[in-house]
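Novice: the following comprises the amino acid sequence and a computationally predicted model.
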Amino acid sequence: MDTKIGVECARPASNDVGAPPSSKAVHVTPTAVCDVSADWTLGRHLARRLVQVGVSDVFSVPGDFNLTLLDHLIAEPGLKLIGCCNELNAGYAADGYARCKGVGACVVTFTVGGLSVLNAIAGAYSENLPVICIVGGPNSNDYGTNRILHHTIGLPDFSQELRCFQTVTCYQAIVNNLDDAHELIDTAISTALKESKPVYISVGCNLAAIPHPTFSREPVPFSLAPKMSNQKGLEAAVEAAADFLNKSVKPVMVGGPKLRVSKAGDAFVELANSCGYAVAVMPSAKGLVPEVLPHFIGTYWGAVSTAFCAEIVESADAYIFAGPIFNDYSSVGYSLLLKKEKAIIVPPDRVVVANGPAFGCILMKDFLRALAKKLKKNTTAYENYHRIFVPHGTPPKSAPNDPLRVNVLFKHIQAMLSGDTAVIAETGDSWFNCQKLKLPEGCGYEFQMQYGSIGWSVGATLGYAQAATNKRVIACIGDGSFQVTAQDVSTMLRCGQKSIIFLINNGGYTIEVEIHDGPYNVIKNWNYTAFIDAIHNGEGDCWTSKVLTEEQLIEAIATATGEKKDCFCFIEVICHKDDTSKELLEWGSRVCSANSRPPNPQ
């Protein structure tokens with residue numbers, strides 16, 4: 001890997017976190033003189049296309065079906081191969097990478113690798129992330145021969161992998177001849193970017209090294225036709241929404257997670273600044289809306305919202321939700337006190353006004369920008385919030401040698417945040433504690449709420465940090481989640497990353513405990529710092545610390561942000577098993593109630 005050339009990630013300058021890169025062509029000029037035909041191979045064409053759309057790093061696990069393809073990816077200047085410990089983490093890393101750069105990619109081998117990465121690809125699908133999943137497939141001569149191949153379930157029909165991927169990708173390309181390979185690859189990548197969903201590309205293991213006239217050394221620049229709104233529909237939607245909102249007394253705005261896929265972050269801010277409404281975000285949209293907006297009031301999450309936010313949103317006589325997802329988690333067991341007749345719902349390409357007229361073929365960013373020009377200034381809801389708001393108290397300083405409390409931990413994490421940091425929050429109590437962090441301007445924030453797969457954050461931290469070279473990633477991970485995917489801390493060390501992981505060791509699956517407890521929620525405790533030291537094994541820059549008190553935490557953070565600021569840091573935080581946020585207690589009981597509803601009468 002030392003011979004490969006890496007390209008640093010340029011963080012998008014706008015508020016559209018994770019927006020795909022410009023479709024303007026990026027021409028790649030090989031740095032070495034070589035036979036031209038050697039550059040015309042299928043593998044090199046795929047590599048060049050990845051570079052052109054903004055992929056500088058590909059996360060991979062080798063297997064006999066993809067080895068030649070990996071050779072050709074490595075040979076491409078500007079593309080770095082990041083070898084991961086397992087396919088699941090390679091997929092999670094591509095997910096985290098796509099959140100920063102707008103597109104990610106992973107390469108695995110046939111079936112044993114493909115089915116291992118499938119869970120991560122499903123998560124990327126649920127979160128609307130364009131991840132290009134490339135699989136080294138069978139020899140092209142084996143299709144239709146009735147042969148039984150290794151790495152399969154032992155049947156002559158080896159289409160099981162494709163059928164699995166059809167449910168969690170928006171396009172599937174089986175490349176088993178050279179004549180249509182160019183078209184299939186370009187269509188797959190284009191579809192991933194247009195739909196903002198993962199795609200699947202299987203490349204025959206005997207094809208990657210073969211030249212073909214369609215794989216020119218300087219391929220046609222990659223470009224996408226922009227989506228357009230229906231102008232008449234846009235005008236009608238804006239007129240209906242403005243008429244509804246301008247008649248209201250105390251309207252509010254709420255940003256949802258589909259602001260990302262809609263690339264509408266800037267438009268949402270423009271509308272907020274224009275109309276003066278109180279602005280909140282849904283929990284899965286934290287980080288997509290700047291929290292330094294003048295009228296920002298926090299996270300709207302029903303009964304577990306940040307202080308006084310739910311009261312303002314649910315008492316409003318009109319609310320505009322931009323890109324929401326209302327599932328059982330985000331609605332706290334379907335307990336939100338909202339009324340459709342008060343709501344304007346804005347999905348990525350549609351507008352529904354007050355549970356009445358619906359307008360299609362309208363891009364969210366176009367609608368929000370046009371609406372900003374039609375709304376009267378109305379700051380009533382924010383003034384009400386400002387009137388009733390009482391700030392949370394700061395957790396008292398612990399007495400000497402007192403056991404460390406979780407709320408004290410996050411008080412100190414808050415002080416670490418700046419525009420040069422990014423927060424990764426693992427599924428679990430970190431969801432709720434990280435929601436209460438106040439993000440400085442430019443501070444990144446990511447978590448996976450729709451899919452909620454424990455262990456996601458280890459790979460996502462690897463991928464995000466590899467892309468966001470201008471930020472230091474701070475990951476908050478529970479011990480149960482960490483045990484699922486811990487191996488790829490070794491990849492972080494190999495890549496020279498300088499992230500800080502806070503491993504919150506409370507002895508089990510705490511989020512599951514608060515939904516429904518049982519002996520299955522208790523896990524075998526590890527000596528986590530010793531585990532990381534063993535992975536480190538003297539290779540790379542790594543520093544670990546185990547803390548049990550506030551004094552030890554303060555000292556550890558001072559070291560991690562001072563002497564070890566350019567080093568990977570792992571801080572194991574020992575907490576009581578019942579030390580959780582009050583929000584998790586409330587949320588868990590409501591989700592439990594939703595899960596345990598009896599069957600409807602027949």
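Specialist: Now that the structure is in, tell me what you want to look at.
Novice: ranges for the helices of the stretch 51-200 of the chain?
Specialist: The residue ranges that make up the helices of the stretch 51-200 of the chain, judged by DSSP state H, counting those that start in this stretch, are 67-74, 87-101, 114-126, 160-165, 181-195.
Novice: please work out which of those helices is packed deepest.
Specialist: Between the helices of the stretch 51-200 of the chain, the one whose residues have the most neighbours on average, counting mean count of other CB atoms under 10 Å, is helix 87-101 (a mean of 31). Where C-beta positions appear, they are placed from N, C-alpha and C, glycine not excepted.
Novice: and that helix, what does it pack onto?
Specialist: strand 57-60, strand 104-109, helix 114-126, strand 131-137, strand 444-446, helix 456-467, helix 479-485 (3 or more CB pairs under 8 Å, 6 or more residues apart in numbering; DSSP states H and E).
Novice: which positions in stretch 263-283 come out as buried?
Specialist: For stretch 263-283, burial by neighbour count (16 or more other CB atoms under 10 Å) applies to 263-272, 274-283.
Novice: among these, which ones are in strands?
Specialist: Within the buried residues of stretch 263-283, residues falling in strands by DSSP state E are Ala278, Val279, Ala280, Val281.
Novice: make a markdown table out of those and add distance to Thr529 and pLDDT.
Specialist: Compiled in a markdown table, those are given as follows (distance: CB to CB, whole Å; pLDDT from 0 to 100):
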| residue | distance to Thr529 | pLDDT |
| --- | --- | --- |
| Ala278 | 44 | 98 |
| Val279 | 41 | 98 |
| Ala280 | 39 | 98 |
| Val281 | 35 | 98 |
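Novice: stretch 541-556: end-to-end distance?
Specialist: With CA to CA, to the nearest Å applied, stretch 541-556 spans 16 Å between its terminal residues.
Novice: please apply the same query to stretch 353-366.
Specialist: The first and last residues of stretch 353-366 sit 16 Å apart, counting by CA to CA.
Novice: ok, residues contacting it?
Specialist: Contacts of stretch 353-366 from elsewhere in the structure, counted by CB atoms under 8 Å, 6 or more residues apart in numbering, are 227-230, 233-234, 236-237, 240-241, 244, 258-259, 262-264, 266-267, 322-323, 340-344, 346-352.
Novice: run the last query once more with 6 Å
Specialist: Here stretch 353-366 makes contact (CB atoms under 6 Å, 6 or more residues apart in numbering) with 229-230, 233-234, 236-237, 240-241, 244, 262, 264, 267, 340-341, 344, 346, 348, 350-352.
Novice: take those and keep only those in helices.
Specialist: Gly233, Leu234, Ala236, Ala237, Ala240, Ala241, Phe244, Ser262, Ala267 (DSSP state H).
Novice: does the closest residue to the first one other than its chain neighbours belong to a helix, a strand or coil?
Specialist: Spatial nearest neighbour of Gly233, chain neighbours left out: Phe359 (4.9 Å); criterion: CB to CB, 6 or more residues apart in numbering. Using DSSP: H, G, I helix; E, B strand; the rest coil as the criterion, the local structure at Phe359 reads strand.
Novice: any idea what Phe359 is bridged to?
Specialist: Each beta-bridge partner of Phe359 is listed here: Val351, as defined by DSSP bridges.
Novice: how near is it to Ala534?
Specialist: Look at Phe359 and Ala534: by CB to CB, to the nearest Å, they are 59 Å apart.
Novice: higher neighbour count, these two?
Specialist: Under the neighbour definition other CB atoms under 10 Å, Phe359 and Ala534 were set side by side, and Phe359 has more, 24 against 10.
Novice: just the pLDDT at that one, thanks.
Specialist: Phe359 carries a pLDDT value of 97.
Novice: can you give the domain ranges for this structure?
Specialist: 36-204, 231-388, 406-588 (automatic domain parsing).
Novice: so what secondary structure elements neighbour the helix or strand where Glu551 lies?
Specialist: In the assignment (DSSP states H and E), Glu551 maps to helix 550-561. Using 3 or more CB pairs under 6 Å, 6 or more residues apart in numbering; DSSP states H and E as the contact test, the elements touching helix 550-561 are helix 406-416, strand 542-547.
Novice: that one vs strand 542-547, what angle?
Specialist: 170 degrees (axes from the mean of the first three to the mean of the last three CA atoms, to 10 degrees).
Novice: show residues contacting helix 550-561.
Specialist: Where contact means CB under 6 Å, 6+ apart, the residues beyond helix 550-561 that reach it are Ser398, Leu404, Val408, His412, Ile500, Ser545, Val547, Cys569, Ile571.
Novice: pLDDT added to those, as CSV?
Specialist: Written out in CSV, the entries for the contacts of helix 550-561 read as follows (pLDDT from 0 to 100):
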residue, pLDDT
Ser398, 82
Leu404, 93
Val408, 94
His412, 97
Ile500, 98
Ser545, 98
Val547, 97
Cys569, 98
Ile571, 98
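Novice: of those, select the buried ones using a PyMOL command.
Specialist: One line in PyMOL is enough to select the buried members of the contacts of helix 550-561, burial here meaning 16+ other CB under 10 Å:
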select buried, resi 404+408+412+500+545+547+569+571
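Novice: adding distance to Leu67, write the contacts of helix 550-561 out as a markdown table.
Specialist: Shown next, in a markdown table, are the contacts of helix 550-561 (distance: CB to CB, whole Å):
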| residue | distance to Leu67 |
| --- | --- |
| Ser398 | 54 |
| Leu404 | 48 |
| Val408 | 50 |
| His412 | 46 |
| Ile500 | 35 |
| Ser545 | 40 |
| Val547 | 44 |
| Cys569 | 35 |
| Ile571 | 38 |
